[in-house]
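Novice: For reference, the sequence and a predicted model appear below.
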Amino acid sequence: MAVMDARNDTTSTGLAARLRARVAALAGGGEASLTQRLAALIFLIRVLSAGLAYLSQILLARWMGGSDYGIYVYVWTWVLLLGSMLDFGIASSAQKIIPDYRTSGQHALLRGFLSGGRWLTLATSGIAALLLAGLIALLSPWIEESERLPLYIGCLTLPAFVVANTQDGIARSHDWMTLGLMPQFIIRQGLIIGFTAGALVLGFQLGASAAMAASAAAVWIAMLGQMLVLNRRLERHVEVGPKQYDLRGWLAVSLPILLVESFYLLLSYTDVLVLQQFRSSEEVGVYFAVVKTLALVSFIHYAMSATTAHRFAEYHALGDKARLSAYVAHAIQWTFWPSLAATLVLLALGKPLLWLFGAQFTAGYDIMFIAAIGLVVRAAIGPVERLLNMLGQQHACASAYAAAFVMNLVLCIVLVPRFGGHGAAAATSLSLVFETVLLFRIVKRRLGLHVLAFGKAS
């Protein structure tokens with residue numbers, strides 16, 4: 001997961017209508033129909049963002065050259081990894097905490113969380129950014145000179161990135177999917193393209209430092225704009241009144257989720273980070289282009305996860321197990337089959353898509369087939385990690401992710417030095433298959449649910 005993330009209106013409308021009809025047949029409920037509409041909206045936003053991200057990566061790869069592009073990918077991967085962890089799980093736990101407060105009528109605590117949660121993540125990420133900058137200065141004799149300034153700019157990016165993630169979680173908890181996703185996945189990508197293109201027009205040399213500076217500016221501007229709109233909406237949606245802060249309660253919910261997401265992120269980014277240690281920046285760039293080409297498959301999983309998490313929590317809080325079970329089955333079906341179809345299309349078009357980055361990037365085409373295996377297998381159980389997190393099974397989920405991460409790290413260290421990108425893809429796919437098996441067994445044993453896109457519960 002690294003840098004980045006159109007259809008005409010007639011096509012989108014027809015697709016949405018067919019999806020709604022299919023969902024009604026599968027789950028037979030208004031919630032399922034709403035979920036599919038929201039998931040379709042999220043997916044379309046992510047598809048559009050993927051187009052912008054893909055365009056930005058193609059332009060950056062061509063404008064910067066292989067070495068600088070590889071450094072940029074490496075630094076941005078660290079931003080994505082750390083930025084997704086430094087909210088202490090608040091961005092995801094918002095989808096549990098907010099529905100719980102609303103359902104139980106605890107409005108003072110709700111108001112406290114909506115403001116205090118963001119201040120908490122801003123403060124912690126700001127402190128972490130300063131400490132990381134100090135660590136870079138301390139380790140500078142062992143860091144390549146070309147990487148130092150991009151790494152410092154990455155530290156500057158972190159607080160805005162973390163707050164944007166937190167605001168995304170708050171917006172999704174209110175079904176404001178456009179507000180949650182557009183700033184991060186559309187506006188930010190558009191700004192990155194605009195800033196880097198402007199730098200070239202003005203005659204600046206577009207190296208890794210300039211590209212990171214453009215990305216940092218884009219993250220901050222998108223986050224501040226999102227904050228203004230979110231605050232106005234919350235003022236209309238939440239009654240004014242006293243605020244109550246339950247920091248201990250928030251962290252009790254959030255930290256186990258952070259543990260889950262940390263291992264997931266480490267699993268997701270280990271391949272790129274280990275590849276950077278053993279292979280050239282050019283090879284990192286090629287591998288990253290492969291990952292971005294397959295990103296559409298992950299977007300489908302993301303769309304269902306983003307839409308369903310707070311509803312898992314709501315149905316569980318209401319004690320409606322039948323409704324929850326039907327909803328989970330619906331989410332799995334609408335994760336796996338579209339993911340499989342998208343994978344086949346991307347594999348068929350993979351070589352010309354990679355060529356857009358540059359002729360040398362087509363060398364990574366066969367890596368796509370290896371990387372696709374893990375993504376398809378993982379999609380077969382849908383967004384069950386969100387289900388476990390929302391139903392109080394965070395520790396079990398974290399243990400599965402931890403085991404998969406350790407497996408991925410070991411396999412990457414063994415395979416990458418000899419096989420490069422092919423070894424990184426194989427290590428990640430094997431780890432995702434292992435993780436899928438573990439999660440399936442955990443949900444079956446602890447929740448009594450059959451979470452597989454095909455077959456029947458025994």
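Specialist: Happy to help now that I have it.
Novice: Tell me the confidence at the nearest residue to Leu438 once chain neighbours are set aside?
Specialist: Spatial nearest neighbour of Leu438, excluding adjacent residues (C-beta to C-beta, 6 or more residues apart in numbering): Ala400 at 3.9 Å. In short, each C-beta sits where N, CA and C put it, glycine included. Note on Ala400: pLDDT of 91.
Novice: Tell me which other helices or strands the helix or strand hosting Ala400 touches.
Specialist: Per DSSP states H and E: Ala400 is located in helix 394-419. Helix 394-419 sits against helix 247-278, helix 384-390, helix 421-447, with contacts defined as 3 or more C-beta pairs under 8 Å, 6 or more residues apart in numbering; DSSP states H and E.
Novice: still on that earlier bit, next one: the residue nearest to Leu438 relative to Tyr315, how far apart?
Specialist: 23 Å (C-beta to C-beta, to the nearest Å).
Novice: cool, Gly89 as well?
Specialist: For Gly89, the distance to Tyr315 - C-beta to C-beta - is 21 Å.
Novice: Next: Val260.
Specialist: Val260 is 20 Å from Tyr315, by C-beta to C-beta.
Novice: How about His107?
Specialist: 22 Å.
Novice: which one of the two has more residues nearby?
Specialist: Tyr315 (23 against 16; other C-beta atoms under 10 Å).
Novice: Excluding chain neighbours, what is closest to that one?
Specialist: Leu324 (4.2 Å).
Novice: Also Thr293?
Specialist: Nearest residue to Thr293 in three dimensions, chain neighbours excluded: Leu353, at 5.2 Å (C-beta to C-beta, 6+ apart).
Novice: Can you identify the element that follows the helix or strand where that neighbour lies toward the C-terminus?
Specialist: Here Leu353, judged by DSSP H and E, is contained in helix 321-355. Using DSSP H and E, the helix or strand that follows helix 321-355 in sequence is helix 365-379.
Novice: That next one - contacts with which helices or strands?
Specialist: Helix 365-379 packs on helix 281-293, helix 295-318, helix 321-355, helix 421-447, going by 3+ C-beta pairs under 8 Å, 6+ apart.
Novice: Let me see the residues that make contact with that helix.
Specialist: Helix 365-379 is contacted from outside by 287, 290-291, 293-294, 297-298, 300-301, 335-336, 339-340, 343, 346-347, 350-351, 354, 421-422, 425-426, 428-433, 435-436, 453, using C-beta atoms under 8 Å, 6 or more residues apart in numbering.
Novice: Could I have the buried ones of those as PyMOL selection syntax?
Specialist: To isolate the buried members of the contacts of helix 365-379 in PyMOL, using 16 or more other C-beta atoms under 10 Å:
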select buried, resi 287+290+291+293+294+297+298+300+301+335+336+339+340+343+346+350+354+421+422+425+426+428+429+430+431+432+433+435+436+453
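Novice: now the host helix or strand of Gly154 against helix 295-318, angle please.
Specialist: Taking DSSP H and E as the definition, Gly154 sits inside helix 145-173. Interaxial angle, helix 145-173 versus helix 295-318 (axes from the mean of the first three to the mean of the last three C-alpha atoms, to 10 degrees): 40 degrees.
Novice: Now do helix 145-173: which elements does it pack against?
Specialist: Right, helix 145-173 is packed against helix 66-83, helix 90-104, helix 107-138, helix 177-182, helix 208-237, helix 295-318 by 3+ C-beta pairs under 8 Å, 6+ apart.
Novice: Let's see that with 6 Å instead.
Specialist: helix 66-83, helix 90-104, helix 107-138, helix 177-182, helix 208-237 (3 or more C-beta pairs under 6 Å, 6 or more residues apart in numbering; DSSP states H and E).
Novice: and that helix, which residues are buried?
Specialist: 147, 149-173.
Novice: how far off helix 66-83 does it point, in degrees?
Specialist: Using the same axes, to 10 degrees: helix 145-173 against helix 66-83 is 40 degrees.
Novice: these two touch, right, Leu267 and Ala404?
Specialist: Yes. Contact status for Leu267 versus Ala404: in contact at 5.4 Å, counting by C-beta atoms under 6 Å.
Novice: Counting neighbours, go ahead and name the busier of these two.
Specialist: With neighbours defined as other C-beta under 10 Å, Leu267 and Ala404 compare such that Ala404 has more, 26 against 22.
Novice: and that one, what does it touch?
Specialist: The contact partners of Ala404, by C-beta atoms under 6 Å, 6 or more residues apart in numbering, come to Leu267, Ser431, Phe434, Glu435.
Novice: Now it: closest residue in space that isn't a chain neighbour?
Specialist: Closest to Ala404 by C-beta to C-beta, 6+ apart is Glu435, at 3.7 Å.
Novice: And for Glu144, the neighbour number?
Specialist: Glu144 has 10 nearby residues by other C-beta under 10 Å.
Novice: any idea how far Thr77 is from it?
Specialist: Glu144 is 16 Å from Thr77, by C-beta to C-beta.
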